[in-house]
Each structure stands twice: as structure tokens, then as C-alpha cells.
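A.B. asks: A structural model of the following input is requested.
(chains A and B)
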Amino acid sequence: MRALAHNKVALAAGASFAVIVVLCLLAPVYAKDIAHTGPTDNHITDTVKVDGQTVDVVSPTGVPIGPTWKGRFLLGADSNGRDVAVRLLYGGRNSLEIGAIATLITMALAVALGTLAGYARGLTDGLLSRFFDLVWAYPAVLLGVALGVALAVGGLDLGIVTLHSGSLLLPALIIGVVFFPYVAKPLRAHALSLREREFIDAARIATPPGPLAPVKIVLTEVLPNLLSSIVVFVPLMFASSILLEAGLSYLGAGVQAPNPSWGTMIADGIRMIPGAVHLVLAPGLALVLCVLSVNVFAEGVRDALDPRAAIRPLR
Amino acid sequence: MMGRFIVRRLLSLLAVLFAITVLTFLIFQAIPGGDPAVRMAGRTATPQEVNDVRQQWGFDQPIYVQYAKTMQKIFDGSVVSYRQQINVEEEIARDLPATVSLAVGAAIIWLLFGVLAGIASAMHAGRPLDRALGLLALTGLSTPVFLLGAVMLYYLGYKLKLLPLEGYVGLTSDPWGWFTHMLMPWIALSVVSIGVYSRVLRSNLLDTMGEDYVRTARAKGLSERRVLIRHVLRNSLAPIIALWGLDFAWVIGGGAILVESVFNLGGVGEYAAQSIQSLDVPPVMVITMLVACAVVITSAIVDVVNAALDPRVRLQ
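C.D. replies: This is a model prediction of the structure:
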């Protein structure tokens, strides 16, 4: 951790990510007190005063107003006359939320199954490892949209909880499942190598036999030694999850309208190009800035803890 | 020895291919929530159409019969997109030229520039050039390809009019038009890979440079350039080539959905993207299976090539 504290670039990246998070959390304050409009409020027929002149928010030909750099429509409007800056902050909340939940799901699945496979060895490991490889053979975007399309019509009924097709949890769950083998494979290899070490033998001898003995050894001996690998993957997976959310939303298999996310905003903006390029640039720059700061921070964490960890990238 | 390795690899490949068809089938037909026949026929289907689909795919029968019927339909090429009433596999065959053009060109670009950037970074490790290339690689990794594609289309195509806006032009009908239309998709698709390959190669090169045989090569008076190319690079390229094979495979199979659809290439990936938008399940299922199979087949080929080049691999 001292190495990370001395890595100024990584710390600056972490700070810039923190600023983005705080800004997105303040979205309701901005919407209420500065922009005086909500993320899904249409202003198609309204006008706004820019430099003393009255201008249509959306022109009669359907072209929305560009950045005014003032409180109202700071970053312009979209084709429905909605305030881009307000949507950017609310969309950021959704993107960050999906990224965080997806990362949580990925890490929970990967830690549980990866350690189980590596510690149990034998048949359990064989079956689980084949399963990791199988999921891994699907390109992330394709598996994500396949699950998205399969679930989009009916939602998901798991018995205890029902996820409707418009729920934010649905893309988060899909992303979490798609990415878990990327982390489970290296964690399994690490757990397998720990299993051969003397201190695990010692723990096995010292632990009274019983059905829960292996669980106890995994929790007290294996997991603490896996911790640095686990920590390294968290920011990497968070960045990848936000990117995958954007990709899925662009293809219509992620966040559903009118709920904004950076991905859906970019996708809507691409449909408006070339008339209003600010609709692509505003969410696009926000997304790249956020993911880049997480990635730079992640690289600092990795250099400090585990220089060998790496995951497959997303395209 | 080599023969036995190939047979073993082939058997495991067959098992994985079977598993992939089962898993893909399960994703589309057996996910809880909703009637698979409704899912197949699409949101706007009439009860009669849904009933026909249920009959044809055997959704009223046990799950192994459903699987067998699905695979039979895929193998005899009779999968139909109910949305557009067109044969899915014929459409994929029509879309293949654009996808192959994208895969071949982009793969050459990302391998070439990835390796060059990797060598440059390793030779200047820790110095400003290495840091700049590292930051560039991370920025590429942090940018969604469809965003990059759209921004390129706007500035290079629409504003500066340097390159044609979108679409696909056949190689045989107009080679220059083909090249100019493919250039932006190639670059957009390559950016991420260049970043990844250069970083992976950089760390491989730095690891290899610490090996004893490299010191020996230097000690016997070889020039630094010769040491780098003949001794270091040769032993660092294997993982890059493996990565390259897999990445190529998923673009060929239609996995580059995002790039294909932002540039309207009319390839397999764009077909997948359009089917996704209209929630047209049959094409998405077939293309998903196709890409995953392309990836595992290529991965088997890569393993065999690696084993041929490096005897140690055969023993594992």
C-alpha cells in the first residue's frame, strides 16, 4: 500500500474518479437547484434565453440546442428537449450503480467458485474449470446481448425474486455473470498453488476433522492469502463492467429507455449525428474520463500488489 | 508424440463444441421466465404463429427433444428469422464477405502496430516514450469502440470528408473503394487490440531479457539488435500469436457487433445487432453459437501450432 501512496498518477486518477462519483450523487441537487428540470422532463416546445435572444430548445427541423454554458441546458438539449447535463449526471448514477453491482456479482461468483475449484481439486475442479472455459469462449459483448435478448422479452423469474425487463438489476446481473470466469480462472490457479504450500498442510493437521473443517481452512488460511489478487481485480472489473454496460445499451440490450445511462445517451446521440455532436461528446467524454481514471488507478493498485494480474479486454 | 497430442486435442475440442451448443441452447430456450415459443417468434407474433413455432421446435416436448430439433434445424440450414421471414444461414453467408474483410485487415493492423509499440515500449522501459505509449494504450482500452467509431465518422468522414461515410463495397468490384470504406472500421477495431498487444508484449520482452540465454547471447558479442530479434522477440511472441488467433476468430464469427453496426458494414455482426434491436431470437442464437465455435476451434489450432513449435507443450 505504501507503493500506491507514492504513485502520484494513480492517486490523481483515484481522486478524479471520486469527483465523478460525488458529482453523479449530487444529480438531484443539480437538477432541482441549478437546471430546474428532471432527467426525463421534455421541453420540446420551450424556448430558452441565450445572450439576450430567445431560442427554441429544439428547432422546428428537430435539431436540439447545443451547450449554452449556463445553468439551464449547460450542455445543450437532446432531441426530446431534455437537459443533457441533468441526464448526464443521472445517467452516470445508473452506469456507476450497474458497474458496482456487476462487479460485486462477478467477484462473489469468482471468489466462491474459483476457491472451491482450486482448493477441492479433482473432479470438482475439472467440472468447474471446464465451465469457466466454456463461458470464457463467448465474446463478452455477444454473451451479454444473448442473455439480454433472451431475458428482454420475459424478464427473469428466479422464484424468490422477479426481475422485470426494465430493471437496472438485469443488465448488472448479466454483466456480472459474463465476466466472472475472467476472475475465477486466475483465482482458481492461485488457490491451487496455495493448496500445495506447507502452511495449509499445517492448518489441516491442526484443524479438528469435521464436515466444516475445509470451510474453516479456506476462510482462515486460503482467502486471506488470495486477498491481494482479489483487490487487484475489483477496479479492473468495475471499469470493464461500465464499458460493457455502454456496449449493451448501445445495442439495445442494456438499460431501457427512458432511464438514462452513459451507454444509452451515446447510442441516442449517434442516431442524431451529424446534427448535434454534443449528444455524443458529452456522455462519451464522461464515460472515457471515468473508465480511464479507474483503469489508471487499477494499474497503480496492480503494480503495488500483484504485477502479474491481467484480464481480457473488451471490444 | 505429436500425433497423440493432436488426437487428444481434437477429442476435447469435440466435447467443448458439444457443450457450447448445449449452453447456447439453454440460454435461449430454457432460461426461466416466459414461454420459449413466444421468445422465438418475437413480441408481435400472433397466437397461430407462436403455435407453429412450438410445433416446429418441439417446445411441447421434453428438453432433449427440443435440443435435438434445434440442432437439426441449424445443421440442415432451415432456421428462419420469424421477424423478417428470411433464412438465417443464407443471410449469414451473404454477410460473410464484409466480416472477413474487417477481420483480415484489422488483424494485420493490430498485430503490426501492437508488436511495434510493444518493442518500442520495452526498449524504452520506464522512460517518457514508454509512459506515453502506456497511457495511450490505457486510453484506447477505456474508450468504447462504437464511441470511437462514431467520432471518427463525424470528424474524418462528415467534417473533413477524408473517407467515405459508411457501408461496404465489394473487393472485386472496386478495390480502392473497398479499401477506403474499410479503413475506419479497421482502425476503430484495432485500437483496443494494439493497446493490449503492446502491453502484453512489453512485459513478455522485459521478462525474457532477464533470462540467462539472453545474457549469454550478449556475452558472446552479438549486436543488441540481433539479440533482440533472434533471441528475445522469438521467445516472447508465442502468447501474442495465441491471442491474435482468438481475436481473429471472434471477429470472423461476427463477434465485432459494435464496430460493424456503427459503420453499417452489412456483415454478420451487424446482422446480429439488427436482430438484437428487433428482439429477433433465431439469428442471435445461431450467430452466438457460430462465434463461440470459431473461438474454440481456433484455440485448438493455436494449441497444435504451439505444440509443433515447442515440444514442452505436448507433455502437459
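
A.B. asks: C-alpha coordinates for stretch B:93-104, CSV please?
C.D. replies: Provided in CSV are the C-alpha atoms of stretch B:93-104 (Å, rounded to 0.1, in the frame of the first residue of the first chain):
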residue,chain,number,x,y,z
ALA,B,93,-23.4,-16.4,-45.9
ARG,B,94,-24.4,-13.2,-47.7
ASP,B,95,-22.9,-11.1,-44.9
LEU,B,96,-19.7,-13.0,-44.6
PRO,B,97,-17.5,-11.1,-47.2
ALA,B,98,-17.8,-7.8,-45.2
THR,B,99,-17.0,-9.6,-42.0
VAL,B,100,-14.0,-11.4,-43.4
SER,B,101,-12.7,-8.1,-44.9
LEU,B,102,-13.0,-6.5,-41.5
ALA,B,103,-11.3,-9.4,-39.7
VAL,B,104,-8.3,-9.8,-42.1
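
A.B. asks: Is it positioned near chain A?
C.D. replies: No. Stretch B:93-104 lies out of reach of chain A by C-beta under 8 Å from any C-beta of the partner chain, never closer than 12.0 Å. Where C-beta positions appear, they are placed from N, C-alpha and C, glycine not excepted.

A.B. asks: roughly how far out does that stretch sit from the chain middle?
C.D. replies: 12 Å (C-alpha atoms, centre = their mean, to the nearest Å).

A.B. asks: least trustworthy helix or strand in chain A by mean pLDDT?
C.D. replies: strand A:156-157 (a mean of 62; mean pLDDT, DSSP states H and E).

A.B. asks: So what does residue B:264 look like in phi/psi?
C.D. replies: phi 50, psi 50 (degrees, to the nearest 10).

A.B. asks: Pretty sure it sits against residue B:169.
C.D. replies: No. Using C-beta atoms under 8 Å, residue B:264 is not in contact with residue B:169; the gap is 11.9 Å.

A.B. asks: Now do the shared contacts for these two.
C.D. replies: With C-beta atoms under 8 Å, 6 or more residues apart in numbering or on different chains applied, the contact sets of residue B:264 and residue B:169 do not overlap.

A.B. asks: so residue 216, which of the three states?
C.D. replies: In the absence of a named chain, this looks at chain A. helix (DSSP: H, G, I helix; E, B strand; the rest coil).

A.B. asks: same question, residue B:104
C.D. replies: Residue B:104 ends up helix, using three-state DSSP.

A.B. asks: List the contacts of residue B:115.
C.D. replies: B:197, B:198, B:201, B:237, B:240.

A.B. asks: any idea which of those residues is least confident?
C.D. replies: Of all the contacts of residue B:115, residue B:237 has the smallest pLDDT value, namely 83.

A.B. asks: low-scoring pLDDT stretches of chain A, where are they?
C.D. replies: A:1-2, A:51-52, A:62, A:71, A:152-166, A:306-315 (pLDDT under 70).

A.B. asks: What segments of it are helices?
C.D. replies: A:2-6, A:8-25, A:27-29, A:84-120, A:122-136, A:140-152, A:169-195, A:198-206, A:213-217, A:223-250, A:262-272, A:278-305 (DSSP state H).

A.B. asks: Adding mean neighbour count as columns, could you present those helices in a markdown table?
C.D. replies: Putting those into a markdown table (neighbours: other C-beta atoms under 10 Å in any protein chain shown) gives the following:
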| stretch | mean neighbour count |
| --- | --- |
| helix A:2-6 | 11 |
| helix A:8-25 | 16 |
| helix A:27-29 | 15 |
| helix A:84-120 | 23 |
| helix A:122-136 | 15 |
| helix A:140-152 | 26 |
| helix A:169-195 | 23 |
| helix A:198-206 | 11 |
| helix A:213-217 | 14 |
| helix A:223-250 | 24 |
| helix A:262-272 | 24 |
| helix A:278-305 | 22 |
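
A.B. asks: Including distance to chain B, could those helices go into JSON lines?
C.D. replies: Formatted as JSON lines, those follow (distance: least, C-beta to the nearest C-beta, whole Å):
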{"stretch": "helix A:2-6", "distance to chain B": "15"}
{"stretch": "helix A:8-25", "distance to chain B": "9"}
{"stretch": "helix A:27-29", "distance to chain B": "22"}
{"stretch": "helix A:84-120", "distance to chain B": "11"}
{"stretch": "helix A:122-136", "distance to chain B": "5"}
{"stretch": "helix A:140-152", "distance to chain B": "5"}
{"stretch": "helix A:169-195", "distance to chain B": "10"}
{"stretch": "helix A:198-206", "distance to chain B": "24"}
{"stretch": "helix A:213-217", "distance to chain B": "28"}
{"stretch": "helix A:223-250", "distance to chain B": "5"}
{"stretch": "helix A:262-272", "distance to chain B": "5"}
{"stretch": "helix A:278-305", "distance to chain B": "4"}
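
A.B. asks: can you put these in JSON lines and add distance to residue B:145?
C.D. replies: Listed next are the helices of chain A as JSON lines, based on distance: least, C-beta to C-beta, whole Å:
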{"stretch": "helix A:2-6", "distance to residue B:145": "30"}
{"stretch": "helix A:8-25", "distance to residue B:145": "22"}
{"stretch": "helix A:27-29", "distance to residue B:145": "27"}
{"stretch": "helix A:84-120", "distance to residue B:145": "17"}
{"stretch": "helix A:122-136", "distance to residue B:145": "20"}
{"stretch": "helix A:140-152", "distance to residue B:145": "9"}
{"stretch": "helix A:169-195", "distance to residue B:145": "17"}
{"stretch": "helix A:198-206", "distance to residue B:145": "44"}
{"stretch": "helix A:213-217", "distance to residue B:145": "43"}
{"stretch": "helix A:223-250", "distance to residue B:145": "8"}
{"stretch": "helix A:262-272", "distance to residue B:145": "11"}
{"stretch": "helix A:278-305", "distance to residue B:145": "12"}
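
A.B. asks: For the residue of the stretch 151-300 of chain B found nearest chain A, what are phi and psi?
C.D. replies: Residue of the stretch 151-300 of chain B nearest chain A, by C-beta to the nearest C-beta: residue B:255 (4.1 Å). The phi/psi pair for residue B:255 (degrees, to the nearest 10) reads phi -80, psi -20.

A.B. asks: wait, isn't it in contact with residue A:144?
C.D. replies: No. Residue B:255 lies out of contact with residue A:144 (C-beta under 8 Å); the separation is 11.6 Å.

A.B. asks: Quick check: pLDDT value at the residue of the stretch 101-250 of chain B found nearest chain A.
C.D. replies: Closest residue of the stretch 101-250 of chain B to chain A, C-beta to the nearest C-beta: residue B:142 (4.0 Å). Predicted confidence (pLDDT) for residue B:142: 92.
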